[in-house]
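Participant: Please work out how this folds:
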Amino acid sequence: MDTPLNDTPSANPPATVTQPLWDAPVRLLHALMALSTAGAWLTAEADGWRAVHISFGLTLAGAMVLRLLWGFVGTPPARFTSFVRGPAAVAAHLRELLAGRARPHAGHNPAGGWAVLALLGTGLLAAGSGWLAWQGGEDWEEVHEALANGLLVLAGVHVAAVLLTSWQARDRLVPAMLTGRKAVPAGTPPTRVMHRSLAVAVLVALLGFWAWSLGPTSPWQDADTAAHGEGRHHHERDHDD
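Facilitator: So this is what the prediction gives:
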């Protein structure tokens, strides 16, 4: 599924056809991971937003776990076996990218495949360390911050690489992830089952989680109360001094 659309830079581009590629769960989980990463970063230091920050972190972890599972049982383009390539393929793609002649691929390019794994691994570690920090493990706070910053760096590099590859290869990567349709070589098997009902089920479960997570019975609400009280205590102590 990561087959280049042309084998050599000088070759005439083969006939292409725009057809379904990325199924609905892949696109939904991709959007949730991007939004959760941004939301967690924006609320990391905001007073009174601890519950929202934790909710974003758990949403990120849940989306990444589902994406890992979908990488084994999902549609062919979503499976790791279709886009995780060896070092030689990655090196060849990076040389093409640096030389300004990146080629379009039907699915993830070789470097993009490893970027997916790096983002999933770092994101899960960041979410896990954040959970341990919230449970009272103060030693995990610095680990969580370092992993979160690492995730932001990886996300920034990923976005830059997507934009650069889209420009060089004339490949509409962003619209393809939004609509699910992409230009691929003629004869490439299309994704026939988009699993929209599964994506809807995930979205409904997510909305239910957020309704509970921000509700009065959520344990994260205690974190906001404690943080507010601690801040007020420090303020009063500083005022007395």
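
Participant: From here on, just use CA atoms for contacts and neighbour counts.
Facilitator: Fine.

Participant: what's the longest helix in this structure?
Facilitator: In the chain, assigned by DSSP state H, the helix with the most residues is helix 139-169.

Participant: What's the first helix or strand after it?
Facilitator: Following helix 139-169 in sequence order, the next helix or strand is helix 173-179 (DSSP states H and E).

Participant: Can you tell me what sits against that next one?
Facilitator: 21-22, 27, 162, 166, 181-182 (C-alpha atoms under 8 Å, 6 or more residues apart in numbering).

Participant: List the neighbouring strands of the following helix or strand past it plus their orientation.
Facilitator: As assigned by DSSP H and E, the chain's next helix or strand after helix 173-179 is strand 181-185. Strand pairing for strand 181-185, determined by DSSP bridges: strand 16-20 (antiparallel).

Participant: Name the residues of the partner strand that are buried.
Facilitator: 19-20 (16 or more other C-alpha atoms under 10 Å).

Participant: circling back: highest neighbour count among the contacts of helix 173-179?
Facilitator: Leu21 (28 neighbours; other C-alpha atoms under 10 Å).

Participant: Can you tell me how far that one is from Pro76?
Facilitator: 9 Å (C-alpha to C-alpha, to the nearest Å).

Participant: Closest to the geometric centre of this structure, which residue is that? Let me know.
Facilitator: Met33 (3.9 Å; C-alpha atoms, centre = their mean).

Participant: Not counting sequence-adjacent ones, nearest residue to that residue?
Facilitator: Once flanking residues are discounted, Met33 sits nearest to Leu60: 5.3 Å by C-alpha to C-alpha, 6 or more residues apart in numbering.

Participant: Would you mind listing the buried residues in the host helix or strand of that neighbour?
Facilitator: For Leu60, the host element (DSSP H and E) is helix 50-73. Within helix 50-73, the residues scored as buried using 16+ other C-alpha under 10 Å are 50-65, 67-68, 70-71.

Participant: and what of stretch 79-99?
Facilitator: 79-80, 82-85, 90, 93-94, 96-97.

Participant: Tally up the residues packed near Ser213, please.
Facilitator: With neighbours defined by other C-alpha under 10 Å, the count for Ser213 comes to 19.

Participant: Wait, it touches Arg50, no?
Facilitator: No - when contacts are counted by C-alpha atoms under 8 Å, Ser213 is not listed as touching Arg50 (11.2 Å).

Participant: Give the residues shared as contacts by those two.
Facilitator: Joint contacts of Ser213 and Arg50 (C-alpha under 8 Å, 6+ apart) are Trp220.
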